[in-house]
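>>> Any chance you could fold what I've pasted below:
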Amino acid sequence: MWRELRQGYLGALITLVAQFLLGMATNLFVDIPPDHPGANPPEYFSGVLQNVIWAILHGPSLLLTAHAILGLALVAFGFRLLVPAIRSRHRPTVITAIVGAVAMLGAGLNGGSFLNYHQDFSSMVMASFFAIAVIAYVIGLWALPLQPESPPRGERSPAPPAARSL
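This is a model prediction of the structure:
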């Protein structure tokens, strides 16, 4: 379990950095038309959904498409990482996994908000949630116990190999 969590936290951190770089490239090199289909929706959440679908299927650049797809994958991965974290019953692991997943969701919603309303403020909030997720997973990695996995309750660990006789 600890190995799965360690790999998950490290994977989340590496993927978050890749997402950050894609986001910066999108910000610098992609012009998102302010009047694209779904822009300025009357309702926030349906607008976010419509805009993310637009970015993936009809976005003006492969950078925006990749950024949107990777963002969805990160949110799904963050919530998937909650399963072993909760199973661990290790309070710092549970807390950092929850904060990381919610922060990635917040970043994604604000990315969708940027597509909705084209406001720089949404981009700033998205970057802030990214930073919170990174901090959560770094603290989570640091707080993971160093001992090897112990067998589940009620099960005995395998017996050590018998000594050979000559």
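>>> Identify the residue spatially nearest to the residue nearest to the spatial centre of the chain, adjacent ones excluded.
In the chain, the residue lying closest to the centroid (CA atoms, centre = their mean) is residue 74, at 3.4 Å. Spatial nearest neighbour of residue 74, excluding adjacent residues (CB to CB, 6 or more residues apart in numbering): residue 104 at 5.1 Å. In short, each C-beta sits where N, CA and C put it, glycine included.
>>> show me the contacts for the one you found.
16, 71, 74, 75, 78, 129, 130, 133 (CB atoms under 8 Å, 6 or more residues apart in numbering).
>>> mind checking how far the helix or strand containing the fourth one is from the chain centre?
Residue 75 belongs to helix 62-80 when assigned by DSSP states H and E. Distance of helix 62-80 from the chain centroid (CA atoms, centre = their mean, to the nearest Å) equals 8 Å.
>>> Buried residues of it, list them for me.
Neighbour counts over helix 62-80 (16 or more other CB atoms under 10 Å) mark 63-68, 70-71, 74-75, 77-79 as buried.
>>> wait, which of the residues you listed is closest to residue 57?
residue 65 (8.2 Å; CB to CB).
>>> Phi, psi for the residue nearest to that closest one when sequence neighbours are not counted please.
Leaving aside its sequence neighbours, residue 65 sits nearest to residue 59 (CB to CB, 6+ apart; 4.6 Å). Here is the backbone geometry of residue 59 (degrees, to the nearest 10): phi -60, psi 150.
>>> okay, now residue 59: neighbour count?
Residue neighbour count, defined by other CB atoms under 10 Å, stands at 23 for residue 59.
>>> how far away is it from residue 28?
16 Å (CB to CB, to the nearest Å).
>>> Kindly report the same for residue 36.
19 Å.
>>> Quick check on the two: which one has the bigger neighbour count.
residue 36 (16 against 8).
>>> Isn't that one up against residue 53?
No: contact criterion CB atoms under 8 Å: residue 36 and residue 53 do not qualify, at 11.5 Å.
>>> circling back: identify the farthest-apart pair in the buried residues of helix 62-80.
Maximum pairwise distance in these, criterion CB to CB, is 25.2 Å, between 63 and 79.
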